[in-house]
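[1] I would like the atomic coordinates for the input below:
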Amino acid sequence: MVWSKIVSISLFLLVCSSGIGYISVLTTTTDSPTIELSESVNSLLQTPTSSRNEDSQLISTEHSALQSVRDIPTISPGSQAVEQAVNSSLLFWVPDVSTYPYEFYEINATLKVNGPHSLIYSNTTAVSDLELLDMNDSFESLVYPTITDFFGMPPDIDGNNKIILLVYDIDEIEYGFVAGFFYSLNQYLNTELQPSERYSNEAEILHIDILAADNMDTVAHEFQHLIHFGHDEDEETWFEEGASMFAEYLIGGDAFSGGVGTDFQDNPDVSLTYWDLGGSSVLANYGASYTFFLYLAEQYGGNLIIKDLVERSANGIASIEDALIQSGYNVPFVEVFRNWTIANFLDDTSFADGTYGYYNDSVTVNTEPPTYASSPLPRIENSVPYWGTDYLKFSYPSDLPFTFEFQSESSDGFLVTTIMKNTTTDPLNTEVIPIMISPDGFGNFSTTELNITADEIYVVVSAYTEDGTPDHDNENPAPAQDYWFIVNPEGIYISTGTLIYLENILNLSNITVSDSNGFVWVAADGAIYEILSATGETTGINGTFVYDSETHSWQALNIDLGTLSQGEYTVKYMFYNTTATGITYSEIFGTIISTTPTTSASNSTNTIIPGFLAVFLIITLGAFTRSRKRK
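    I've put the predicted structure just below:
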């Protein structure tokens, strides 16, 4: 069995072939949370009374020292099924998380507190008996009932119906101190493991650092992982961590602390499902997962759907879709995702039945720079990862039309939504308008078709797919999906023209360019063609179109393609004019496929197309020419 470690700044994950263990890394500790919940929060959960449980037992302050064991034996301690007496000591295997591969050693810990659902062991005087008793009170009165109510009951491999909170000085790592972790190895019997792997304590254990004994956020986070593992041993990372961050929120903690909130706010384009394990975006990943679980709970049934999700053996998106159907919500995951991305930006529950906001937390992500000005824009190229979101801002005068055209080359899906805000003149309002995207990746939007004025326009772009793995790192990055857009209020139109290839010579002719007012371009600041490889790289062949006054069209003749090897190429057309209000720009493409030389033919068309909408013209070099226009 191979154990691997992937470390991040805030949290890191232990992955093994038999299960998953989670380790929370915090650089600071906080006081035990005080519960100040709004009425809407209380509608999601029933907060138990915070009072000391009389069944909890305070025991001796006597402690056992850390006993490092580097010569690892082949057999671990037996099951903890037998109830341990107060003030008794017990050996526990723990991993040295600062090493890789992990070294295991034993600590001799004393049972300090025996609660109805907990056993608190400690091997240090760094945490006082009174602090351990307070820790137990918080666990019994707040963490245990709240987390089990939302996520279900924990497993019970040792048969005592109790959770061991093992408090000791956890080894530090390069990125900070380890506040606590759940280690899934303890959920296996040693008889199920290879002799060299038998370090299971065969018990439900949450490892808690001495500096985090009063931090119930950490305890709740790791307790959720334990419960989740009991139902689903191979859940996807984003799903697991979203549930555990939501667990912190449920007990009154601040799930946005430690940089999670600011990183997500500044990097909202991070993928929800493809986690940047060990990378710079992992804090934003935590923010995305937390807000998504909060959104699910608020919009789709509170603790009932959360418990259903945790108890399902299905993973990730499939689990959510099944749970939605089971709960009576006839909505696909992609629409839940779209609404969530809009809620992250607007956070406004005053319209659309509260779909685009949060009731129990404040979430407002930033648009990506720059803010696009009111002048017509050239083609802008961009990319977004699967299940990630770009927020584009356009500052646009309300008295001018706004036309937005979108195009992607991916066969996978895009969700594109326009948000129009009128913030200066009555009536002040916000409109959310989805843009329909065709199977070939094209979509457009224009205010001329709507009786809407706006001084702020935003476009929300997300990519989605049913395929791919949920995690990635620097060597295996999340797939980025390319797209481009153009803001073209003058409505530039380009005809497909005629493409003829014969004996290594390509001729482009009968191309007309006009705007929506019917003005035909007879001059341009830029009229350019370029031959690209199938992967979009330049071939070095480029030139300019010339306007032919006799045919009233643009042409580029005698383009020598003799230096190109047989293969697939793209002809890129670009026309632009610098106007008083900015740059009016448009572009189209023609795809060339070369095979063996043969005879040639040609077709032409004068059909106009809007904006930069791609026109695919398939040519077989030395064989034939045909054209196809796409709506």
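[2] what's the helix or strand for the residue nearest to Glu456 when sequence neighbours are not counted?
    Spatial nearest neighbour of Glu456, excluding adjacent residues (CB to CB, 6 or more residues apart in numbering): Lys421 at 4.3 Å. C-beta: built from backbone N, CA, C; applies to glycine. Applying DSSP states H and E as the criterion places Lys421 in strand 413-422.
[3] can you list the strands that the helix or strand just after that strand pairs with?
    Using DSSP H and E, the helix or strand that directly follows strand 413-422 along the chain is strand 429-435. Sheet pairing for strand 429-435, assigned by DSSP bridges, gives strand 413-422 (antiparallel).
[4] averaged pLDDT, the partner strand. What do you get?
    Taken as a whole, strand 413-422 carries a mean pLDDT of 92.
[5] about what we covered before: buried stuff in the strand holding Lys421?
    If you call a residue buried by 16 or more other CB atoms under 10 Å, then strand 413-422 has these buried ones: 413-420, 422.
[6] what do you get for stretch 380-389?
    Buried residues in stretch 380-389 (16+ other CB under 10 Å): 382-389.
[7] sec struct for the residue positioned nearest the centre of the chain, please.
    For the chain, the residue nearest the mean C-alpha position is Leu272 (1.7 Å; CA atoms, centre = their mean). Per DSSP: H, G, I helix; E, B strand; the rest coil, the secondary structure class of Leu272 is coil.
[8] distance of it relative to Asp134?
    Remark: distance between Leu272 and Asp134 (CB to CB, to the nearest Å) = 37 Å.
[9] could I get the CA-only coordinates of the strand holding Lys421 as PDB?
    What follows is strand 413-422, C-alpha atoms only, in PDB (Å, rounded to 0.1, in the frame of the first residue of the first chain):
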ATOM      1  CA  GLY A 413     -20.600  23.100 -22.300                       C
ATOM      2  CA  PHE A 414     -20.600  26.700 -21.300                       C
ATOM      3  CA  LEU A 415     -23.000  28.600 -19.100                       C
ATOM      4  CA  VAL A 416     -23.200  32.300 -20.000                       C
ATOM      5  CA  THR A 417     -25.400  34.800 -18.200                       C
ATOM      6  CA  THR A 418     -25.800  38.600 -18.500                       C
ATOM      7  CA  ILE A 419     -26.500  40.600 -15.400                       C
ATOM      8  CA  MET A 420     -27.800  44.100 -16.000                       C
ATOM      9  CA  LYS A 421     -27.900  46.700 -13.200                       C
ATOM     10  CA  ASN A 422     -29.400  50.100 -13.300                       C
END
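[10] residues contacting that strand, please?
    With CB atoms under 8 Å, 6 or more residues apart in numbering as the test, strand 413-422 has contacts from 334, 337-338, 341-342, 345-346, 398, 404, 406, 408, 428-435, 437, 441, 443, 445, 447, 452-465, 481, 483.
[11] before we move on, back to that, how far away is the residue nearest to the centre of the chain from Leu324?
    16 Å.
[12] the residue in the chain sticking out farthest from the centre sits in which helix or strand?
    In the chain, the residue that sits farthest from the middle, by CA atoms, centre = their mean, is Glu550; the gap is 55.6 Å. Under the assignment given by DSSP H and E, Glu550 is not contained in any helix or strand.
[13] likewise Ser200?
    Residue-wise, Ser200 maps onto no helix or strand under DSSP H and E.
[14] could you do Leu506 as well?
    Here Leu506, judged by DSSP H and E, is contained in strand 505-511.
[15] neighbouring contacts of stretch 349-357?
    By CB under 8 Å, 6+ apart, stretch 349-357 touches 299, 339, 342-343, 346-348, 358-359, 430, 432.
[16] of these, which is the nearest to His207?
    Tyr358 (32.5 Å; CB to CB).
[17] what's the average pLDDT for stretch 184-201?
    Stretch 184-201 shows a mean pLDDT of 93.
[18] and if you look at stretch 454-473?
    Stretch 454-473 comes out at a mean pLDDT of 76.
[19] quick one: which of the contacts of stretch 349-357 sit in helices?
    299, 339, 342-343, 346 (DSSP state H).
[20] ok so, going back, got phi/psi on the residue nearest to the centre of the chain?
    phi -70, psi -40 (degrees, to the nearest 10).
[21] what about it, distance to Ala524?
    Distance from Leu272 to Ala524, by CB to CB: 43 Å.
[22] same thing with Leu346?
    40 Å.
[23] the more surrounded of the two?
    Neighbour tally, Leu346 and Ala524, criterion other CB atoms under 10 Å: the higher count belongs to Leu346, 24 against 18.
[24] sorry, back to before: which two among the buried residues of strand 413-422 are spaced furthest apart?
    Farthest apart among the buried residues of strand 413-422 by CB to CB are Gly413 and Asn422. That separation is 30.2 Å.
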